[in-house]
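Colleague: Just the structure for this:
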Amino acid sequence: MHSLAEFLIIAVVVTLTPGPATATILRVAARDGRRAALAATAGNSVGVLIWGSLSALGVSALILASQLAFAALRIAGAAVLIAIGLRSLFGRPCGDGPPAGNGPQRAAGWRSGLLTSVSNPKLAVFFVALFPQFIGHGSAVLPYALAMAGVIVLLDVLWFSVLALGVDRAHTALKPRVHRGMERFTGAVMVGLGVRLATESR
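Modeller: Numbering: from 1, shown residues only. Just a heads-up that it's a prediction; the model follows:
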């Protein structure tokens, strides 16, 4: 069994490695502001806790063992990423509509974060591969799994909050044309991640 320090190092590396969650937070922050991005972070955190729980209960392992189930999850995850990315590329420009950070935008941000997290098959692989290495033989799996997922959530919240604040501050200093450019860039990244997820082998 590996040590707590090793787990923390892995958790930090996973948090800082760019991926769908990072792209989602940047997209929401560029489009709707800091509060909506924080809501997206909360949605992502719920998804992480769901995958941690499913891993502890053995559901993630069953998904990984079934080629059909894993393929379905991979295609669904790719579709979510591509759909969100296309909305950024071809949807309304930043600044149109209600002021940033209102209720509907926070709700939309939360849904984006949750969908991105829940539909990400990499989280299933991550939890199934990682958790058993840090849980001692005979230990209660669910509490340990939730505790480790909680650590990852805490690191995600800290890092994504920094990203959201940075993008939000830049947002107030930049021209609307630059805002739209940021949104299109993050949308293109989301589409690229979705295409890669859909076409890569298991």
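Colleague: show me where pLDDT drops low in the protein?
Modeller: Across the chain, the ranges flagged by pLDDT under 70 are 1-4, 91-102, 132, 135-140, 171-180, 182, 201-202.
Colleague: center of it - which residue?
Modeller: Ala21 (2.6 Å; C-alpha atoms, centre = their mean).
Colleague: Can you classify that residue as helix, strand or coil?
Modeller: Secondary structure, DSSP: H, G, I helix; E, B strand; the rest coil: Ala21 is helix.
Colleague: wait, Gly150 sits on Ser53?
Modeller: No. Using C-beta atoms under 8 Å, Gly150 is not in contact with Ser53, being 11.1 Å away. For the C-beta atoms, the positions are set from N, CA and C on the backbone; glycine is no exception.
Colleague: Show the subsequent helix or strand relative to the top helix by length along the chain.
Modeller: Criterion DSSP state H: the longest helix present in the chain is helix 141-173. Sequence-wise, the next helix or strand downstream of helix 141-173 (DSSP states H and E) is helix 176-199.
Colleague: Show me what that next one packs onto, helices and strands only.
Modeller: Judged by 3 or more C-beta pairs under 8 Å, 6 or more residues apart in numbering; DSSP states H and E, helix 176-199 is in contact with helix 20-32, helix 67-90, helix 141-173.
Colleague: residue contacts, Ala164?
Modeller: 25, 28-29, 34, 37-38, 41 (C-beta atoms under 8 Å, 6 or more residues apart in numbering).
Colleague: Contact partners for the residue lying closest to it once chain neighbours are set aside?
Modeller: Closest residue to Ala164 apart from its sequence neighbours, by C-beta to C-beta, 6 or more residues apart in numbering: Ala37 at 3.5 Å. Ala37 makes contact with 25, 28-29, 109, 160, 163-164, 167-168 under the criterion C-beta under 8 Å, 6+ apart.
Colleague: where does the closest residue to Thr186 other than its chain neighbours sit relative to Val195, distance-wise?
Modeller: Closest residue to Thr186 apart from its sequence neighbours, by C-beta to C-beta, 6+ apart: Arg27 at 3.9 Å. Distance from Arg27 to Val195, counting by C-beta to C-beta, to the nearest Å: 16 Å.
Colleague: the more surrounded of the two?
Modeller: A count of neighbours by other C-beta atoms under 10 Å puts Arg27 above the other of Arg27 and Val195, at 28 against 14.
Colleague: wait, the more buried one sits on Ala188?
Modeller: No. Using C-beta under 8 Å, Arg27 makes no contact with Ala188, being 10.2 Å away.
Colleague: What count of nearby residues applies to Ala147?
Modeller: Number of residues near Ala147 (other C-beta under 10 Å) recorded here: 12.
Colleague: now do the one 5 residues further on
Modeller: Applying the criterion other C-beta under 10 Å, we find 24 residues in the vicinity of Ile152.
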